[in-house]
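# sequence-free structure coming up:
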């Protein structure tokens, strides 16, 4: 074999995990990323010690103020199954639990930090919310994720990843904290089975920034899990706002391996109100889909955590449905923050709204008029009869990457073919809504792509709002 | 009654707690101080997490380095009764246990800090060394004291009483630490019955110095206990060295209410290698006897805490006996630091030496040739026969204060009266050793005093060394 050819083949082999094999131009998702995008709906279950303090939550204060009395944690009606069932009923496929946020308290049984369930009178110090969460997720068929706060720790006095001071005292303390976090992360990664996703709150500073080496621990013990995120790696990206939406188009690819990789990347990402996070980059060589996150209690407020008498903030159903279109329908996973209360229950108004949301999504998308799928550049879908159409769902087989770059959707009216939408990104899912048209056929033409388009689904709906 | 007289009587009444009533010139000990001085021998039982780390203890490092793994605390042969019995056998009347030292770990069950026995796997987190200590002291008739470290806390990051930094982060953290310490102190003062002494390691910074208000908690819950010490109050004083000795004379009175009360006091106290602490001041208006402290393992080293293979440091018996003369015999309480090991036992060589020490002191002072007591300025003690004498013990009834200022001890030889010693301070106890003299009578003449001398004991010995 000649040397140049063998080198080329080697290069192909090296890149085969990143680029599709037929043309080496489209980044491919890892299996865990596929699971993530197929899930479409994920819940971030937010709990921390300040939920129990009876005071109004001010994040900037909580970050720098240790909890007065951790034994105010005393949820008398605690029922993890009720939490997870409420998510299941709402159609969520993934739930992510904040094992720690910013107070520094860890909701698991730890040998590395005493500031954990062991310290509590509640359940005689034997409680393990993280284990309950995992068990309940298994019971209800929800994929479990864990959110770990290491950036702020009001208990240990960690502020934006760092101990204050710069002498030996601070250096030793930082080192201790880093080792402690590595141990905690190992506990979470080894004592609770497999995780679908790990989310480091505000990212994770690695050793190169003076922080713990959580990535190595992750890679050793949870190689199949999603990692979010540090300077080296991000398996998904923040969608640039906490509105539960992204603009269109929102590509699943990104030009950097993580969202903080290097100064120029950071500068570009921060520019124009996180525009790059919102849109992604069709030419990005890293598969890194966006998340659309928002708290369920975000209507005239923005409560990730439960507060008393804030039920009015629960988004109305119509807002949640709108978010769905601008998140799932824009090629991202919608992450809704839900907030168990101080009694240990998902609050009734929230449970009710979640159920309504799940039911509404089911109602809307369970009964397509017609569907098709396949490979190629042109798809014609004949409807059973001329009838009103107002929504179209497109899905690529993203297992082989986002291939489509430009497409047109057309409908055949009594007067002939009419353009419905000219688009660019499809990715996992694109949902287009339009004023009802009476159509007999739908035509999808892909006129720019990086490889042969693979349409997982073309589905046509007439949905009553 | 004429007005001047009634005012004088009022002043008398006000000062009656401080000055003796017959001449208002001699500061009186509080009842707890009397107990303290009568005890003569106190043990400081030193334990902390670093005893278990297998590393050589370097105090400056431990102060600024959080313990790597607190579950290395796993004393498999732990036997508190063995500790306390070893002290009882040695003649100690008081034992003081370090519920915390500098690592920040607390050896009790706390609801205020998770970094306590609850955090440990040992005894399933139900252990309470402080309770065991108290129970065992009660069992063996030892008066219990507690030593509380608040000045250094490697776990919370407290360095010389303070959190590092000076912004809101540090201020909140300091406030939290202070409240935590107040809660812990309250736990110790309310959950374990009465204490004989509380010793704040390195003193206690009060609110006026940005520290917790431990004195108020103390005064509320342990009003009869001895307090050592802060800027406002010290019921005893450090003897100015960790040699287990003080010079002669060492007065039980002091010119300041505490050893750090004000800049001029501090300056005076620091001067000349703590001379004022060593000697006290016969004109001081505060009763504040000195402590003579030293670690039992101080012979060619200075180990307050157990370290492996350091048995050679245990003081030989003769050194301990010498310390006794220069501490108890100089009007102070001898405080010996003892060190339970990582197995949870007082080490055999230490136990053996303590027993030898107790036996030797008993041997020496159990059989006086003759004793007398009473009030007055002249005491003559006739011996049963002309015989060798080499030690004399003098004790004032310090319940009514240290009254003697100058005295002379004389012995009647075959040739007539001969001066044995001209002294100043007697206080609780003064022991004088001298080359054996054949005497038939002993005469004590007090030729300067602040009020009528009250001799609790004049005892004459012939002790074989």
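Yes, it's here. As the structure is a prediction and not an experimental result, all values here were calculated from the model.
# all contacts plus neighbour counts: C-alpha atoms, from now on.
Will do.
# what about the helices in the stretch 301-450 of chain A?
With DSSP state H, counting those that start in this stretch as the criterion, the stretch 301-450 of chain A has helices at A:317-325, A:348-365.
# and residue A:323, what does it touch?
By CA atoms under 8 Å, 6 or more residues apart in numbering or on different chains, the contact set of residue A:323 is A:243, A:244, A:245, A:334.
# a markdown table please, covering those and showing distance to chain B and secondary structure.
Converted to a markdown table, the contacts of residue A:323 look like this (distance: CA to the nearest CA, whole Å; DSSP: H, G, I helix; E, B strand; the rest coil):
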| residue | distance to chain B | secondary structure |
| --- | --- | --- |
| A:243 | 30 | coil |
| A:244 | 32 | coil |
| A:245 | 34 | coil |
| A:334 | 35 | strand |
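# got a winner among these for most neighbours?
Within those, residue A:334 tops the neighbour count with 32 neighbours, counted by other CA atoms under 10 Å in any protein chain shown.
# confidence score at that residue?
Per-residue pLDDT puts residue A:334 at 98.
# That one: what's it in contact with?
By CA under 8 Å, 6+ apart, the neighbours of residue A:334 are A:40, A:41, A:42, A:244, A:245, A:291, A:292, A:293, A:323, A:324, A:327, A:328.
# Apply 6 Å and report the result again.
Neighbour list for residue A:334: A:41, A:292, A:293, A:327, A:328 [criterion: CA atoms under 6 Å, 6 or more residues apart in numbering or on different chains].
# any idea how far chain B is from residue A:317?
Distance check for residue A:317 against chain B: by CA to the nearest CA, to the nearest Å, it reads 40 Å.
# Distance check, the residue lying closest to that residue once chain neighbours are set aside against residue A:241.
Closest residue to residue A:317 apart from its sequence neighbours, by CA to CA, 6 or more residues apart in numbering or on different chains: residue A:357 at 6.1 Å. The span separating residue A:357 from residue A:241 equals 21 Å under the rule CA to CA, to the nearest Å.
# more neighbours, these two?
With neighbours defined as other CA under 10 Å, residue A:357 and residue A:241 compare such that residue A:357 has more, 22 against 17.
# And residue A:90, how far from chain B?
38 Å.
# State the distance from the nearest residue to that residue once chain neighbours are set aside to residue A:236.
Distances taken as CA to CA, 6+ apart put residue A:358 closest to residue A:90, at 3.9 Å, once the chain neighbours are dropped. Computed as CA to CA, the residue A:358 to residue A:236 distance reads 24 Å.
# These two: which has the busier surroundings?
Shown here are residue A:358 and residue A:236; by other CA under 10 Å, residue A:236 has more neighbours (28 against 21).
# OK, contacts around the more buried one?
A:288, A:289, A:290.
# out of those residues, who's nearest chain B?
Ranked by distance to chain B (CA to the nearest CA), those are led by residue A:290 at 33.6 Å.
# What is the burial count for residue A:298?
Around residue A:298 there are 21 residues (other CA under 10 Å).
# what does the model give it for pLDDT?
97.
# quick one, what contacts the residue lying closest to it once chain neighbours are set aside?
Leaving out its chain neighbours, the residue that sits closest to residue A:298 by CA to CA, 6+ apart is residue A:313, at 5.5 Å. Under the criterion of CA under 6 Å, 6+ apart, the neighbours of residue A:313 are A:297, A:298, A:299.
# Secondary structure added to those, as TSV?
Converted to TSV, the contacts of residue A:313 look like this (DSSP: H, G, I helix; E, B strand; the rest coil):
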residue	secondary structure
A:297	strand
A:298	coil
A:299	coil
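# Need those in a markdown table (columns: distance to residue B:423).
Below are those laid out as a markdown table (distance: CA to CA, whole Å):
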| residue | distance to residue B:423 |
| --- | --- |
| A:297 | 83 |
| A:298 | 84 |
| A:299 | 86 |
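# Next one: the spatially most central residue of chain A from residue A:301, what distance?
The centroid of chain A falls nearest to residue A:291 when counting by CA atoms, centre = their mean (4.4 Å). Separation of residue A:291 from residue A:301 (CA to CA): 20 Å.
# quick one, strands of the stretch 201-350 of chain A?
Along the stretch 201-350 of chain A, counting by DSSP state E, counting those that start in this stretch, strands occupy A:226-230, A:237-238, A:253-254, A:286-287, A:290-295, A:333-338.
# Regarding the residue nearest to residue A:168 when sequence neighbours are not counted, which helix or strand does it belong to?
Nearest residue to residue A:168, sequence neighbours excluded (CA to CA, 6+ apart): residue B:64, at 7.5 Å. If you go by DSSP states H and E, residue B:64 is not part of any helix or strand.
# what do you get for the one 3 residues further on?
With the criterion set as DSSP H and E, no secondary-structure element contains residue B:67; it sits in neither a helix nor a strand.
# burial count for residue A:340?
Neighbour count of residue A:340, defined by other CA under 10 Å: 25.
# ok, now which ones touch it?
So residue A:340 contacts residue A:346 (CA under 6 Å, 6+ apart).
# and if you look at residue A:170?
Residues near residue A:170 by CA under 6 Å, 6+ apart: residue A:163.
# Can you mark which positions in the strand or helix carrying it are buried?
Using DSSP H and E, residue A:170 maps to helix A:168-190. By 16 or more other CA atoms under 10 Å in any protein chain shown, the buried positions in helix A:168-190 come out as A:169-190.
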